[in-house]
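>>> Build me a model from this:
(one chain, ligands or ions: 2)
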Amino acid sequence: MAKALVELVDVRRAYRFGDAVVNALAGLDLRIERGSFVGVIGRSGSGKSTLLNILGGLDRPTRGELLIEGQPLLARRSDELARYRRETVGFIFQSFNLIPHLTALENVALPLRLSGKFGFFERRRRAKELLEEVGLGHRVGHKPAELSGGERQRVAIARALANDPSLLLADEPTGNLDSKTAEEIMGMIQALHAKGDRTVVLVTHDREQAERYCQRVIVLEDGHLKADRPARGGATPAEAAPPGEDAGLVDSGAEQVARGDAPGDPHREAIARLEEQLAVLKRRLGDDPPIAEASAGAGGESSGGLVPGDAGTSAAGATDEGSTA
Ligand SMILES: Nc1ncnc2c1ncn2[C@@H]1O[C@H](COP(=O)(O)OP(=O)(O)OP(=O)(O)O)[C@@H](O)[C@H]1O
Ligand SMILES: [Mg+2]
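Ligands and ions are numbered 1, 2, ... in the order given. Now for the predicted structure:
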């Protein structure tokens, strides 16, 4: 059998909460093939985010093994794990997790800076190209608060793509968006999957979304794999969830929207880690001009884009960014 891109072997993740132990993942075996598009559904608290965080190296299992192309990941040195997080994986979160005081361009350039592979102008050029690809070439100089929810998520997608990850992990990426914007974002994620040799794992509470966009759907229940089957495609919700199978194992949208962020949310920790890394970098690279202060540099060409009608945004983007210089 060909090696899976990622394989979980009897993965357990227990949380101690006071005297109680919560088994967020209770012994999960899972293979995710390269190039596949997997949807993860299940009730609130069933372990979906825990699974995604472990797949992305943001969290470590209490027991079990995570294999990346057949090689154990957990035994690697911490700097290798950090490189895996940075270069193999791209994360997209429900709450976008952009750094508020950085512009769209700077947010996208940040992972490029952390990877240390590119110089200042190349980082800018690439970041601008990525923003053009998600249809935001005209918003490069905007900070997150100056963008709509859909635009913020597009910036987050561009940031997730910065280091050209082979594994894209999305945790309820449309959870904070209206249905039309959600469709746009899902169309973009689908295009990203179709375009490259990318593997996508999407956590969603929206079963219809999973059936429609993914190729395979897995259902979690209390940290166990309850179902693992091909997606049913663009079926109606009733067809997609025949009574008696995995019906009842997914919350309604209302239940999901009602809950808040869990304490110790690894997403928050991830962004805090990025902020820390940025601060360290800023101290270390005193000779590197701060991103906001330099000129736009070489304007990137539009690379075809993932959204219709994004041509012609390049010039507008250059002007916009130029005004902040
Ligand atoms: N840091 C933590 N400390 C204690 N328990 C936790 C922690 N993080 C998660 N849990 C518990 O682990 C279980 C699985 O949580 P997880 O966040 O993976 O669920 P989920 O399926 O993503 O839920 P949702 O749909 O609400 O996002 C839950 O019972 C949760 O309360
Ligand atoms: Mg979750």
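
>>> For stretch 28-46, measure first residue to last.
Length of stretch 28-46, first residue to last, CA to CA, to the nearest Å: 12 Å.

>>> Remind me which helix or strand the closest residue to residue 158 other than its chain neighbours belongs to.
In this structure, residue 158 finds its nearest non-sequential neighbour in residue 130, 4.0 Å apart by CB to CB, 6 or more residues apart in numbering. C-betas here are computed from N, CA, C, even on glycine. Using DSSP states H and E, the element containing residue 130 is helix 120-133.

>>> which helices and strands sit right next to that helix?
helix 104-115, helix 149-161, helix 313-322 (3 or more CB pairs under 8 Å, 6 or more residues apart in numbering; DSSP states H and E).

>>> Could you list the contact residues of the protein toward ligand 2?
48, 49 (CB under 5 Å from the ion).

>>> now the strands for the chain?
Secondary structure of the chain (DSSP state E): strands located at 6-17, 20-32, 37-42, 63-68, 71-72, 89-93, 167-171, 199-203, 216-221, 224-230.

>>> Can you add mean pLDDT and give these back as TSV?
Shown next, in TSV, are the strands of the chain (pLDDT from 0 to 100):
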stretch	mean pLDDT
strand 6-17	95
strand 20-32	96
strand 37-42	98
strand 63-68	94
strand 71-72	91
strand 89-93	96
strand 167-171	97
strand 199-203	98
strand 216-221	98
strand 224-230	97
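
>>> Run through this structure and note the low-pLDDT ranges.
For the chain, residues meeting the criterion pLDDT under 70 lie at 1-2, 234-325.

>>> so which residue of it comes closest to ligand 2?
Across the chain, no residue is closer to ligand 2 than residue 49, which sits at 3.1 Å (CB to the ion).

>>> So that residue sits against residue 171, correct?
Yes: if you go by CB atoms under 8 Å, residue 49 and residue 171 touch, sitting 5.5 Å apart.

>>> OK, contacts around the closest residue to residue 92 other than its chain neighbours?
Excluding its sequence neighbours, the residue lying closest to residue 92 (CB to CB, 6+ apart) is residue 170, at 4.1 Å. Residue 170 is in contact with 91, 92, 93, 189, 200, 201, 202, 203, counting by CB atoms under 8 Å, 6 or more residues apart in numbering.

>>> how close does the fourth one get to residue 160?
For residue 189, the distance to residue 160 (CB to CB, to the nearest Å) stands at 10 Å.

>>> Tell me the residues that contact both of those two, please.
Residues within reach of residue 189 and of residue 160 at once, by CB under 8 Å, 6+ apart, are 92, 168.

>>> Tell me how many other residues crowd the residue in the stretch 101-250 of the chain positioned nearest to ligand 1.
Using CB to the nearest ligand atom, the closest approach of the stretch 101-250 of the chain to ligand 1 is made by residue 205 at 5.9 Å. Residues near residue 205, counting by other CB atoms under 10 Å, number 21.

>>> go on, residue 62?
Quick note: residue 62 (other CB under 10 Å) scores 15 neighbours.

>>> still on that earlier bit, so the residue of the stretch 101-250 of the chain closest to ligand 1 sits against residue 172, correct?
Yes: counting by CB under 8 Å, residue 172 is a contact partner of residue 205 at 6.6 Å.

>>> check contacts around the nearest residue to residue 12 once chain neighbours are set aside.
Spatial nearest neighbour of residue 12, excluding adjacent residues (CB to CB, 6+ apart): residue 63 at 4.4 Å. Shown in contact with residue 63 (CB under 8 Å, 6+ apart): 10, 11, 12.

>>> From ligand 1, how far out is residue 63?
Distance, residue 63 to ligand 1, using CB to the nearest ligand atom, to the nearest Å: 15 Å.

>>> For that residue, give its distance to residue 181.
Counting by CB to CB, the gap from residue 63 to residue 181 is 40 Å.

>>> Which two of the contacts of residue 170 have the greatest separation?
93 and 200 (14.5 Å; CB to CB).

>>> What is the burial count for residue 182?
Neighbourhood size, residue 182 [other CB under 10 Å]: 20.
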